[in-house]
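Q: I would like to see how this sequence folds:
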Amino acid sequence: MRITNMNDRKENAGGKRLLWFAAIWLGSVAALAAFAYGVRALLGL
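A: Residues are numbered from 1 along each chain as shown. This next block holds a predicted model:
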């Protein structure tokens with residue numbers, strides 16, 4: 001039972017790591033898009 005629990009914990013940790021990676025990637029892409037939009041708006045003015 002303990003071995004399966006350890007394996008489950010490893011899988012959960014891997015899932016959280018993947019989730020964090022996806023969240024950081026999406027956040028960076030969103031920030032980049034917002035920055036590009038802001039620069040385009042400033043150039044438009």
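
Q: mind checking which helix or strand the most centrally placed residue in the chain is in?
A: By CA atoms, centre = their mean, the chain has its centre lying nearest to A23, at 1.7 Å. Using DSSP states H and E, A23 falls within helix 2-44.

Q: low pLDDT regions in this protein?
A: 1-11 (pLDDT under 70).

Q: try 80 this time
A: 1-14, 45 (pLDDT under 80).

Q: What about I24, how many residues nearby?
A: Applying other CB atoms under 10 Å, we find 10 residues neighbouring I24. Every residue, glycine included, has its C-beta placed from N, CA and C.

Q: likewise L43?
A: 7.

Q: Could you do A33 as well?
A: 10.

Q: Then A31?
A: Neighbours of A31 (other CB under 10 Å): 10.

Q: same deal with A22?
A: 10.
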